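Peer 1: here is a sequence with its predicted model. Questions after.
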Amino acid sequence: MRIKVTHHINDLARDLERIPVLASRDVRSAVRHGAMTGNLIAKEHAKANSGPHGKAFHKRLTWDSPQHSLFGDAGWSAEYGPSGIPKSEFVGAGYEHGSGNTDLEVSLGPAIGVVAQDIRKAMDDWFWPGVR
């Protein structure tokens, strides 16, 4: 059996130029997936653990589409959490499930895990396209 490998520096240069384009697209998708996941987990936690006064709090939890971060084209960021400013006696403004509202805190780990997993999968395609 014989294996013959041929390559040129131009092939490497072309591959390296392609990575930033793919990375920006894939990281945006991963951040979007993480924000959606975090928001869903926070909503489920708020719905399951809210008291009578905060039973509608889960409806205030939303997420925003990813935007370029402070680093310009190099990074993406997204937010999720309660939206709007409720009136003081507004249903959904309060919560009664323990010593504090931990809806977002509970969702943070899984949201970051989703982003990390998506980026790890995407990196394989950046450096070894078509190999799965």
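Peer 2: Now that the structure is in, tell me what you want to look at. These numbers were taken from a predicted model, which means no experiment stands behind them.
Peer 1: excluding its backbone neighbours, what's nearest the residue nearest the centre of the chain?
Peer 2: Residue closest to the average C-alpha location in the chain (C-alpha atoms, centre = their mean): G34, at 2.1 Å. Distance criterion C-beta to C-beta, 6 or more residues apart in numbering; nearest residue to G34, sequence neighbours excluded, is V115 at 3.8 Å. To be clear about C-beta, it is placed using only N, CA and C from the backbone, and glycine gets the same treatment.
Peer 1: the one you found contacts V31, doesn't it?
Peer 2: Yes. Counting by C-beta atoms under 8 Å, V115 touches V31, with 6.1 Å between them.
Peer 1: quick one: residues contacting the residue nearest to G34.
Peer 2: 30-31, 33-34 (C-beta atoms under 8 Å, 6 or more residues apart in numbering).
Peer 1: same check, this time on A42
Peer 2: By C-beta under 8 Å, 6+ apart, the contact set of A42 is 58, 61, 80-81, 103-104, 106-107.
Peer 1: next SSE after whichever strand or helix holds it?
Peer 2: Secondary structure from DSSP states H and E places A42 in helix 9-49. Next helix or strand after helix 9-49 toward the C-terminus (DSSP H and E): strand 61-63.
Peer 1: show me which residues of that following strand are buried.
Peer 2: 61, 63 (16 or more other C-beta atoms under 10 Å).
Peer 1: mind checking how far that strand is from the chain centre?
Peer 2: 13 Å (C-alpha atoms, centre = their mean, to the nearest Å).
Peer 1: number of nearby residues for K121?
Peer 2: 12 (other C-beta atoms under 10 Å).
Peer 1: could you list the buried residues of the helix or strand hosting it?
Peer 2: For K121, the host element (DSSP H and E) is helix 103-127. For helix 103-127, the neighbour count (16+ other C-beta under 10 Å) marks 103-104, 106-107, 111, 114-115, 118-119, 122, 126 as buried.
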